[in-house]
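1. Generate coordinates for the sequence data below:
(4 chains)
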2 protein chains.
Amino acid sequence: MYTISEISRLTETTAHTIRYYEKEGLLFPTRTKSGVRRYDETQLTWLRFVLRLRATHMPIDQIREYVKLFLASSETHDTSLERLRLLEAHQQNVRAQLAELIRTEQMITEKISVYQQLHPLVKETF
Amino acid sequence: MYTISEISRLTETTAHTIRYYEKEGLLFPTRTKSGVRRYDETQLTWLRFVLRLRATHMPIDQIREYVKLFLASSETHDTSLERLRLLEAHQQNVRAQLAELIRTEQMITEKISVYQQLHPLVKETF
DNA sequence: GCTTGACTTAGAGTTGACTCTAACTTGTAG
DNA sequence: CTACAAGTTAGAGTCAACTCTAAGTCAAGC
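-> Predicted structure coming up:
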């Protein structure tokens, strides 16, 4: 079981942010008698997943929605299909971002090659 | 020469945002006698470039820096090398984003395949 | 027992990038 | 000439995601 400072170090995320994610309903550490947060491997793995989703600009609202569905799942009401749909939606999003990045990478590479070839005969634009 | 509403339509950006970019020092339309903005092809092309940089999360500060260098360039003080450095820095950034997106895309794809194979024997995690 | 450092909370503050409002002026079709 | 659509401004407001503050509690080593 990890303390918040251990989790902070392991994920390179400030303790402030980790508490903020908990307040936003993304994390559920257990607590010691005196109220100190304790994180297990499952929570650590999940936080790492969350950080990946965030790094690819999935809004906190949507991550919370995913968590809510997970927690709401039961034998009488299975939410795995809805969770799958959320993941698929974000996957589409990630692919769109990839396409934009690839196009922009090419554009910058071209621009850089213009700069590298630059001499007085070449008229500059922005 | 285009009006702001034409530029807005052509770039799918609100006129509000276009004026905001001007206030931030990214755009320099000419003006009619009465003060109405007019954009030429160069400005349109440059705005499209800016939008690409923004879509790949280049901060407005840095784009402004690039513009300032361009405008400051003269025969006695050439800034093209500094502009090249800015572009290269963003290129590194774009490549880092690409790497993160690719890793996350794989992670989501794996997660999705877990959901698709899901049956009562598989223990769910988040 | 005391100090020190890590933890706790509610809530305020910051940042970046828009996004909008209100009051006003200008261009153009009928 | 008039209506009205489209333009102008300074500055206020919004939003997401942190980021920090202050005041306090608790656990471990001397």
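2. Spell out which residues of chain A are next to DNA strand C.
-> By Cβ under 7 Å from any atom of the strand, the residues of chain A that approach DNA strand C are A:3-6, A:15, A:19, A:35-37. Quick note: C-beta positions are derived from backbone N, CA and C, even for glycine.
3. Scan the residues you listed and report the most crowded one.
-> A:Arg37 (21 neighbours; other Cβ atoms under 10 Å in any protein chain shown).
4. hey, what's that residue bridged with?
-> A:Arg31 (DSSP bridges).
5. Of the residues of chain A next to DNA strand C, which belong to strands?
-> Residues of these located in strands (DSSP state E): A:Arg37.
6. With respect to A:Ile108, which of the residues of chain A next to DNA strand C is nearest?
-> Nearest to A:Ile108 among the residues of chain A next to DNA strand C: A:Ala15, at 36.5 Å, using Cβ to Cβ.
7. pLDDT below threshold where in chain A?
-> A:118-124 (pLDDT under 70).
8. Checking my notes, A:Gly25 in a helix, right?
-> No. Under the criterion used here (DSSP: H, G, I helix; E, B strand; the rest coil), A:Gly25 is coil, not part of a helix.
9. can you tell me which residues contact the spatially closest residue to it that is not a sequence neighbour?
-> Closest residue to A:Gly25 apart from its sequence neighbours, by Cβ to Cβ, 6 or more residues apart in numbering or on different chains: A:Arg64 at 4.7 Å. The neighbours of A:Arg64, taking Cβ atoms under 8 Å, 6 or more residues apart in numbering or on different chains as the test, are A:24-26.
10. Then A:Gln97?
-> Contacts of A:Gln97 (Cβ under 8 Å, 6+ apart): A:56-57, B:97, B:101.
11. now it: how far from B:Leu47?
-> 21 Å (Cβ to Cβ, to the nearest Å).
12. ok, back up a step: can you flag the buried ones in the contacts of A:Gln97?
-> Buried residues within these, counting neighbours by 16 or more other Cβ atoms under 10 Å in any protein chain shown: A:56, B:97, B:101.
13. Present the residues you listed as TSV; the columns should include distance to A:Asp78.
-> Shown next, in TSV, are these (distance: Cβ to Cβ, whole Å):
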residue	distance to A:Asp78
A:Thr56	27
B:Gln97	35
B:Leu101	30
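14. Select the longest helix from chain A.
-> Using DSSP state H to define each element, chain A has its longest helix at helix A:80-117.
15. Pull out the buried positions in that helix.
-> A:80, A:82-84, A:86-87, A:90-91, A:93-94, A:97-98, A:100-101, A:104-105, A:107-108, A:111-112, A:115.
16. same check, this time on stretch A:55-69
-> For stretch A:55-69, by 16+ other Cβ under 10 Å, it's A:56, A:58, A:63, A:66-67, A:69.
17. Over to stretch A:24-34?
-> For stretch A:24-34, the neighbour count (16+ other Cβ under 10 Å) marks A:26-27, A:29 as buried.
18. In a markdown table: these, plus distance to A:Thr125.
-> Shown next, in a markdown table, are those (distance: Cβ to Cβ, whole Å):
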| residue | distance to A:Thr125 |
| --- | --- |
| A:Leu26 | 45 |
| A:Leu27 | 49 |
| A:Pro29 | 54 |
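19. Run through the residues of chain A sitting next to DNA strand D.
-> So far as Cβ under 7 Å from any atom of the strand goes, chain A lies against DNA strand D at A:14, A:16-17, A:19-20, A:32-36, A:54, A:59-61.
20. Please identify which two of the residues you listed are farthest apart in space.
-> Largest pairwise distance in the residues of chain A next to DNA strand D, by Cβ to Cβ, is 35.5 Å, between A:Lys33 and A:Pro59.
21. between the buried ones among the contacts of A:Gln97, which is nearest B:Leu10?
-> Among the buried ones among the contacts of A:Gln97, and counting by Cβ to Cβ, the member closest to B:Leu10 is B:Gln97, at 26.6 Å.
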